[in-house]
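In: Show me the folded form of this:
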Amino acid sequence: MPREGQEERYASAKQLAEDIRRFNAGEAIMAKPLGFFASKFRSARQHWEITLALAIMILSGIAALGYSLNEANMSGCARCPSVKKRSIAKSKTDRTS
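Out: Got it, this is the predicted structure:
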């Protein structure tokens, strides 16, 4: 049973040597480069500490944004459009009463 990715390898050492010779000569090589997402995934796996730190920072930022938006909504922020609508509607009902 072939291992994962084995069909993408060189069939022989001679083919690999020929590709290395082409690369050193500045010619086009036969091997396909990794795609965008595959290269980013490989880079993230190689530098897992940086990836983890970035993930924690992004999640912390999302949590802080959610918390601040919730606090602004609950505190009656005068600049928030939803609070302005509620206060205008409340003042209209107060006048009619």
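In: residue ranges of the helices in the chain, please?
Out: 13-25, 36-46, 48-75, 81-96 (DSSP state H).
In: In a markdown table: the ones you listed, plus mean neighbour count.
Out: Every C-beta, even on glycine, is put in place using the N, C-alpha and C of the backbone. A markdown table is the format used below for the helices of the chain (neighbours: other CB atoms under 10 Å):
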| stretch | mean neighbour count |
| --- | --- |
| helix 13-25 | 12 |
| helix 36-46 | 11 |
| helix 48-75 | 10 |
| helix 81-96 | 10 |
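In: can I get those helices in CSV with mean pLDDT?
Out: Shown next, in CSV, are these (pLDDT from 0 to 100):
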stretch, mean pLDDT
helix 13-25, 91
helix 36-46, 91
helix 48-75, 91
helix 81-96, 59
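In: per-residue confidence for Met30?
Out: Turning to Met30, the model gives it a pLDDT of 83.
In: mind listing what it touches?
Out: 15, 18-19, 22 (CB atoms under 8 Å, 6 or more residues apart in numbering).
In: And Gln46, how close does it get to Lys40?
Out: As judged by CB to CB, to the nearest Å, Gln46 and Lys40 stand 11 Å apart.
In: Phe23 contacts Ile29, correct?
Out: Yes - between Phe23 and Ile29 there is a contact under CB atoms under 8 Å: 5.2 Å.
In: Report the separation between Ala25 and Pro33.
Out: Taken as CB to CB, the span from Ala25 to Pro33 is 18 Å.
In: Repeat that for Ala13.
Out: From Ala13 to Pro33 the distance is 21 Å (CB to CB).
In: Please apply the same query to Ile62.
Out: For Ile62, the distance to Pro33 equals 33 Å [CB to CB].
In: do Ile58 as well
Out: From Ile58 to Pro33 the distance is 28 Å (CB to CB).
In: mind saving the C-alpha coords of stretch 33-47 as CSV?
Out: Output in CSV follows, covering the C-alpha atoms of stretch 33-47 (Å, rounded to 0.1, in the frame of the first residue of the first chain):
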residue,chain,number,x,y,z
PRO,A,33,5.6,23.7,-6.4
LEU,A,34,3.3,23.5,-3.4
GLY,A,35,0.0,25.3,-3.7
PHE,A,36,-0.8,28.4,-1.7
PHE,A,37,-2.7,26.7,1.1
ALA,A,38,-0.4,23.7,1.3
SER,A,39,2.7,25.9,1.7
LYS,A,40,1.0,28.0,4.4
PHE,A,41,-0.1,24.9,6.2
ARG,A,42,3.4,23.5,6.1
SER,A,43,4.8,26.8,7.3
ALA,A,44,2.3,26.9,10.2
ARG,A,45,3.3,23.3,11.2
GLN,A,46,7.0,24.2,11.1
HIS,A,47,6.5,27.3,13.2
